[in-house]
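> Here is a sequence with its predicted model. Questions after.
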Amino acid sequence: MSLPQRTSSARFAAVPLLSLSLAAIVGCAGSSSSSMGSMSPSSSSSDMSWMNAIPAPNPDPRVGLKAGLYDAAEAAWNVRVVSRTKPSEKFVGSTNSDLAFRGNYVIQGNYNGYQIWDISNPSAPTLALSNYCPASQSDVSTYKNLLFVSAEGFTGRIDCGNQGVKDTASTERIRGIRIFDITDIAHPRNVANVQTCRGSHTHTVVVDPKDPDNVYVYISGSGPIRPGNELAGCVKDPNDPNYSQWRIEAIKVPLAHPEQAAVVNKPRIFDNLAQVHSHGLAPEDQIALDRARASGAYVVSVFGNQMALPPQMIRPLLDSVVKARGATGAPTAADSAALRGTIQGLVDKMVGVQQQASANRPAVNSCHDITVYPWKGLAGGACEGYGLLLDISNPSNPVRLSAVSDTNFSYWHSATFNNDGTKVLFSDEWGGGGAPKCRASDPKEWGSDAIFTIEPGNQLKFQSYYKMPAAQTVNENCVAHNGSLIPIPGRDVMVQSWYQGGISVFDWTDAKHPREIAFWDRGPVDSTRQGNGGTWSVYWYNGNIVSSEIGRGLDIVQLTPSPFLSQNEIDAARTVHMDYLNVQGQQHFTWPPSFALAKAYVDQLERSRGLSGGRISAIRSALSSAESTSGSARRNALNTLAESLSADVNGSSDAAKVSMLMTAVRDLSNATR
């Protein structure tokens, strides 16, 4: 198990950042009882075994790419790169984090604040705003005219200044959520700051279809508890029923008066969860730890995992020992010995391991990410040692329905539902995003995705793992990270970031046999050491795949046709338009009537051999003929085709897909004027 700090480049500026720094080493950075609903496009029983006959590139071109910050070699398969945009001046060298979308804009979080890019022309994004407002890690979300930005570090200031906060308790510090009015996107106004006891590492905006006047924000905070004299109500005593760990915060934001945003509940969704013992170190990691110990490194244990603390963490701690004895200058051997005698205690106090898990003291401390799916009234919580399924029918009071653990997982990081809500995929950020976990020797089950089906009674049933398959070097931080569904009709297809492992597109329609179908990767940032780079988030948005590159800026790629994916399927995906996107607030895809949609289903039936070759040819001919006409002639042709398809359903080996095609043709007829 690791700690919930998702970053590969936390800034170790002062002793109070011990918790933030340590976390960076090990942990990155309807109602519940309703049925799963009727058949929807992604729940087809199509045979996906045809993918097995399509070979992947061999040798894999991602292996051995030349290093470089902006001039690294690249490898692409079934995608094309549309643009590569460097960070603006104040953000060069600072970590880019998550993405949110509104209209033609992409909002890119960064440890120095956020940038807003106009991607109306995806081949040449332009900077609409560079808002310098330092905080860790500045995760972003948007809804209507509001922008939400997370703050967790100790140095973030309400006034967005860069001088930090030196006092232990201060009214100048922001640890929680900033709310901006971006009606004028070039001139955002800070309309509210909601402070929370552990800050906001990540957050999730919940749009309740039953409550149009408000939105809700779930806060996942992972930092130490604030002192009560800085924020009233923060409780550090684990014996107090109001203890500020083992919970999340739910914030209610009135859309007409966002300045009134406030915490309305502190759901304790971790009760009765026992300690989970994950896998130990990989062989190469154990060798590196032994070498570090032999060289005099400070080695500590966190939740049973041993790690060597880096020099940038140790230096300020040694300086504090020197100051404590009233001296100045370089630390002595006695100072080093004193720190060795106390550092494990400092770590234990910070993570709370001295408190044993029980019914009242669960082992789980926080969630890293919560993905809500209001269309199903469900949420997936990636919460340290567990994957949770939550009922969010009352958005201010999420309730745990089920929980799963896995000894192959080290740190449950994020969740993604398939479109019909019958599956959920959890990712494992083993190594915290700052370590090489895609080496040839690393187990494929570690630092991977785990795919579950949602069974009756809202129970999660494991199906398989997926991990980006190309071996990466020791200088490339690589592990599962943020991604999103791509609206390919009739299939479950996802794009995902793997830090310096690049982006991977894979199909998990067959939950037991996921398959990579496209990728893009760069060589390491640096050939001699692990540099600050890699894709933090990569999301599909209105036809583009947009990636937040930690050190290199903003990248946009697009899918290209391949044996895995036809042009018709890509065109159908492009018909799905979103006005905004927060991936942690997952939206349900619906496809407007189009010939591309009908043709996509025909392509899928051909691959799965759901209909005979002759029948496929006849359907394609009928669609082509109808498309060449208009008005009543088109309607009549489509109605005739739909009637003929109704006779194909019972005789097909993929009846569900034929039904989808028939529905698509009828909808297209009804939409014809």
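That came through fine.
> alpha carbons only for contacts and neighbour counts from here, please
OK.
> Tell me where the stretch 151-300 of the chain has helices.
Remark: helices assigned in the stretch 151-300 of the chain by DSSP state H, counting those that start in this stretch are 283-294.
> what about stretch 499-507, start to end distance?
Stretch 499-507 has an end-to-end distance of 20 Å (criterion: Cα to Cα, to the nearest Å).
> Ok, stretch 230-246 next?
End-to-end distance (Cα to Cα), stretch 230-246: 20 Å.
> Next SSE downstream of the least confident helix or strand in the chain by mean pLDDT?
The helix or strand of the chain with the poorest confidence is helix 18-26; it has a mean of 46 (mean pLDDT, DSSP states H and E). As assigned by DSSP states H and E, the chain's next helix or strand after helix 18-26 is strand 74-77.
> List the buried residues of the helix or strand following that following strand.
Toward the C-terminus, strand 74-77 is succeeded by strand 79-85 as the next helix or strand (DSSP H and E). Buried residues in strand 79-85, counted by 16 or more other Cα atoms under 10 Å: 79, 82, 83, 84, 85.
> Among the residues you listed, which one sits closest to residue 457?
Using Cα to Cα, residue 79 comes nearest to residue 457 of the buried residues of strand 79-85, at 39.7 Å.
> Now the closest one: closest residue in space, sequence neighbours ignored.
The shortest distance from residue 79 to any non-neighbouring residue, by Cα to Cα, 6 or more residues apart in numbering, is to residue 559 (4.4 Å).
> Any idea how many residues pack against that neighbour?
A count of neighbours around residue 559, defined by other Cα atoms under 10 Å, yields 20.
> Contact partners for it?
Residue 559 makes contacts with 78, 79, 80, 545, 570, as judged by Cα atoms under 8 Å, 6 or more residues apart in numbering.
> for the stretch 251-400 of the chain, what spans make up the strands?
With DSSP state E, counting those that start in this stretch, the ranges of strands along the stretch 251-400 of the chain come out as 262-265, 299-302, 305-308, 369-373, 378-383, 386-391, 399-404.
> would you turn those into JSON lines with distance to residue 289 and mean pLDDT?
Output for the strands of the stretch 251-400 of the chain, formatted as JSON lines (distance: least, Cα to Cα, whole Å; pLDDT from 0 to 100):
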{"stretch": "strand 262-265", "distance to residue 289": "42", "mean pLDDT": "98"}
{"stretch": "strand 299-302", "distance to residue 289": "8", "mean pLDDT": "86"}
{"stretch": "strand 305-308", "distance to residue 289": "6", "mean pLDDT": "82"}
{"stretch": "strand 369-373", "distance to residue 289": "29", "mean pLDDT": "98"}
{"stretch": "strand 378-383", "distance to residue 289": "27", "mean pLDDT": "98"}
{"stretch": "strand 386-391", "distance to residue 289": "27", "mean pLDDT": "98"}
{"stretch": "strand 399-404", "distance to residue 289": "30", "mean pLDDT": "98"}
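> Kindly reformat those as CSV and extend each row with mean neighbour count and distance to residue 662.
Shown next, in CSV, are the strands of the stretch 251-400 of the chain (neighbours: other Cα atoms under 10 Å; distance: least, Cα to Cα, whole Å):
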stretch, mean neighbour count, distance to residue 662
strand 262-265, 17, 47
strand 299-302, 17, 56
strand 305-308, 18, 55
strand 369-373, 27, 28
strand 378-383, 27, 30
strand 386-391, 27, 34
strand 399-404, 18, 36
